[in-house]
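Student: Sequence below, structure please.
(2 chains)
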Number of protein chains: 2
Amino acid sequence: MDLIRHVEARGSEFLIFALTPPRLATDSERVQEIADATIERLGKIGLDGLILYDIDDESARNPDQRPFPFTPTIDPAEYLANHLSMWPTPVIVYRAVGKYPKPELRAWLSAQDPSQVMTVLVGASTKGAAPSTSLVEAQALRNEVNPALSSGGVAIPERHTRRGDEHLRLLTKQATGSAFFVTQVVYDLNAAKNLISDYHYECQTRGTVPVPFVFTFSVCGSMKTLDFMRWLGVDVPRWIENDLKHAADPLEASYHQALVAATELIGFCRTLGMPFGINVESVSIRRVEIDASVRLAAELRTRLIG
Amino acid sequence: MDLIRHVEARGSEFLIFALTPPRLATDSERVQEIADATIERLGKIGLDGLILYDIDDESARNPDQRPFPFTPTIDPAEYLANHLSMWPTPVIVYRAVGKYPKPELRAWLSAQDPSQVMTVLVGASTKGAAPSTSLVEAQALRNEVNPALSSGGVAIPERHTRRGDEHLRLLTKQATGSAFFVTQVVYDLNAAKNLISDYHYECQTRGTVPVPFVFTFSVCGSMKTLDFMRWLGVDVPRWIENDLKHAADPLEASYHQALVAATELIGFCRTLGMPFGINVESVSIRRVEIDASVRLAAELRTRLIG
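Tutor: Model prediction:
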């Protein structure tokens, strides 16, 4: 069954890889080379789907200096339309909705083929900014112009750690149309387990059928990448930071940590009977880190059923 | 090698079982029956040592109502001397030092055989109380009257979560004579890993040889026992609480959780090269929970080297 029908059926155990499109400044020929290489490399893993991130300058979110400078990237919708047409599975295109005027977003939403594309609508990262389109407006647009287009939301275990009500927030999103949820990179396994557990039992109490959670994992080959993750709001436990800081090969240590954590979470979701998927992303653009992410996805493929 | 020499040599992988002595109101004959049954039951596991807790009314520590009423228990020093003389291994006797006038504590400390007994000196649970003897005074007494008596301290991963400096506090204790550390019951594995990791790398930086950590695990057969653990200051993750609350057999679920957590921590300590021991205690006095604790210790015996 293909990813979109699988998600709509609230199925489980799918594997996704997440990409950030190339930099905006990349010339068009080079962009196609990158896209072709990506299709070639990821095509071998047996992925159920691809995620294309929509990078926003989130410096308004965090007053600390961004560990990596912000570089604008190609609009994922354009990258998909112009360079990834040969990719064989459904694609989940993120929309940082605050970047787009309503007419532009409306046009994009209505043009999407619901049998090929899903979307994750992401609200502006801070309340202070005046977004072109708010998340609520974007959701209303989708409902209006393309209700068949499957859309998901972002789940943040870290917020659950601090406020304890992320599962209720997600159930509200679900009631207004979210068909799945995708997390940030998971380093704090307890936080992810707490969220999925609370969500699961709340669904049980309400008699609501749970939608799939997609848990994101990644490798981290340097302290700078780790700093960046923290800057983005990811909770990285001290022991993980210590292990990476002192490892002879931090990338290998991180690969191993991610594999162990993903495997444990897979077992936890199975025990609960919660539908889930795994998403592997490469946070960094360094070649060795991308290679390790691909290796992680390939290994996780063997641990997922279906 | 026996436990005391093993700990002094900063060795690793020992197994301990922790008991609370019978209630003070128990008649003497019955106390001996309980002690005999304990020796019989625990004798089969192949323990390296026994811990005898010294229960203090900690209601000053927490303004919330104590889930189980406080009942005074027999002084562990007396219980050992009068009822457990047939027990074959070294015993770690806790001293809630705030309960004892200095002359009494001095007499006890000087009477102990350092080849048979170790101690953990525990300070009063709140700064408000006026303890008969402070922890600093108790440590000074030990150094004065029986410096060969091996003594340990309490390590609190939960405090590390909140303040981030528990490893430094432990290194200070170590400098003044603590030969090992024992944790509270571990439910938050991340917190335990963070503490041991920070301690390990701080030892490395200082060129200090680490002393063994003894991690305590237990089973929990009811929500009331869980409430009691929380009351005592143990962080219990939501997913663990949810699992127990919804399990057909909470005791079995808890047994399984404890086994998985202990096994993971064993692997983590081995990878770090940190000396450690495992302590299994029964928080509750219900027979089925005690039986499950004994079963947990027996199973963990097979997973420890040496």
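
Student: How far away from the center of its chain is stretch A:295-306?
Tutor: Stretch A:295-306 has its C-alpha centroid displaced from the chain centroid by 17 Å (Cα atoms, centre = their mean, to the nearest Å).

Student: just stretch A:137-147 next, same as before
Tutor: Stretch A:137-147 sits 21 Å away from the centroid of its parent chain (Cα atoms, centre = their mean).

Student: what's the answer for stretch A:143-151, then?
Tutor: Distance of stretch A:143-151 from the chain centroid (Cα atoms, centre = their mean) equals 20 Å.

Student: Just the residues contacting it, thanks.
Tutor: A:4, A:7-8, A:106, A:109-110, A:112, A:114, A:117-121, A:139, A:142, A:177-180 (Cβ atoms under 8 Å, 6 or more residues apart in numbering or on different chains). Just so you know, the C-beta spots here come from the backbone N, C-alpha and C atoms, and that holds for glycine as well.

Student: For stretch A:14-30, what is the distance to the chain centroid?
Tutor: 14 Å.

Student: the helices in chain A, which residues?
Tutor: Per DSSP state H, chain A carries helices over the ranges A:3-8, A:28-42, A:76-83, A:102-111, A:135-145, A:157-163, A:166-175, A:189-206, A:223-231, A:238-246, A:250-272, A:287-303.

Student: Serialize these to a markdown table and add fields for mean neighbour count and mean pLDDT.
Tutor: Shown next, in a markdown table, are the helices of chain A (neighbours: other Cβ atoms under 10 Å in any protein chain shown; pLDDT from 0 to 100):
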| stretch | mean neighbour count | mean pLDDT |
| --- | --- | --- |
| helix A:3-8 | 20 | 94 |
| helix A:28-42 | 15 | 95 |
| helix A:76-83 | 19 | 96 |
| helix A:102-111 | 16 | 96 |
| helix A:135-145 | 18 | 94 |
| helix A:157-163 | 18 | 95 |
| helix A:166-175 | 18 | 96 |
| helix A:189-206 | 21 | 97 |
| helix A:223-231 | 18 | 89 |
| helix A:238-246 | 19 | 94 |
| helix A:250-272 | 18 | 95 |
| helix A:287-303 | 17 | 95 |
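
Student: Name the residues of chain A found near chain B, please.
Tutor: A:164, A:188-190, A:193-194, A:196-198, A:200-201, A:204, A:237-239, A:242-243, A:245-246, A:268 (Cβ under 8 Å from any Cβ of the partner chain).

Student: Apply 10 Å and report the result again.
Tutor: Within chain A, the positions adjacent to chain B are A:160-161, A:164, A:167, A:187-198, A:200-202, A:204, A:235, A:237-243, A:245-246, A:253, A:256, A:260, A:264, A:267-268, A:271-272 by Cβ under 10 Å from any Cβ of the partner chain.

Student: rewinding a little: figure out which of the helices of chain A is closest to B:K44.
Tutor: helix A:250-272 (31.7 Å; Cβ to Cβ).

Student: what separates A:L105 from chain B, distance-wise?
Tutor: Distance, A:L105 to chain B, using Cβ to the nearest Cβ, to the nearest Å: 36 Å.

Student: For the residue nearest to that residue when sequence neighbours are not counted, give me its contacts.
Tutor: In space, and not counting its chain neighbours, A:L105 is closest to A:T133: 5.4 Å by Cβ to Cβ, 6 or more residues apart in numbering or on different chains. With contact taken as Cβ atoms under 10 Å, 6 or more residues apart in numbering or on different chains, A:T133 is in contact with A:95-106, A:121, A:123-124, A:139-141.

Student: can we see that at 6 Å?
Tutor: A:97, A:100, A:102, A:105 (Cβ atoms under 6 Å, 6 or more residues apart in numbering or on different chains).

Student: can you tell me which of these lies nearest to chain B?
Tutor: Nearest to chain B among those is A:V97, at 31.0 Å by Cβ to the nearest Cβ.

Student: now the closest residue to the closest one other than its chain neighbours: how far from A:P90?
Tutor: Excluding the flanking residues, the one nearest A:V97 by Cβ to Cβ, 6+ apart is A:A138, at 4.0 Å. Distance check for A:A138 against A:P90: by Cβ to Cβ, to the nearest Å, it reads 20 Å.

Student: now A:Q112
Tutor: Distance from A:Q112 to A:P90, by Cβ to Cβ: 11 Å.

Student: Just give me the neighbour total for the residue nearest to A:E289 when sequence neighbours are not counted.
Tutor: Nearest residue to A:E289, sequence neighbours excluded (Cβ to Cβ, 6+ apart): A:G221, at 4.6 Å. Using other Cβ atoms under 10 Å in any protein chain shown, A:G221 has 24 other residues around it.
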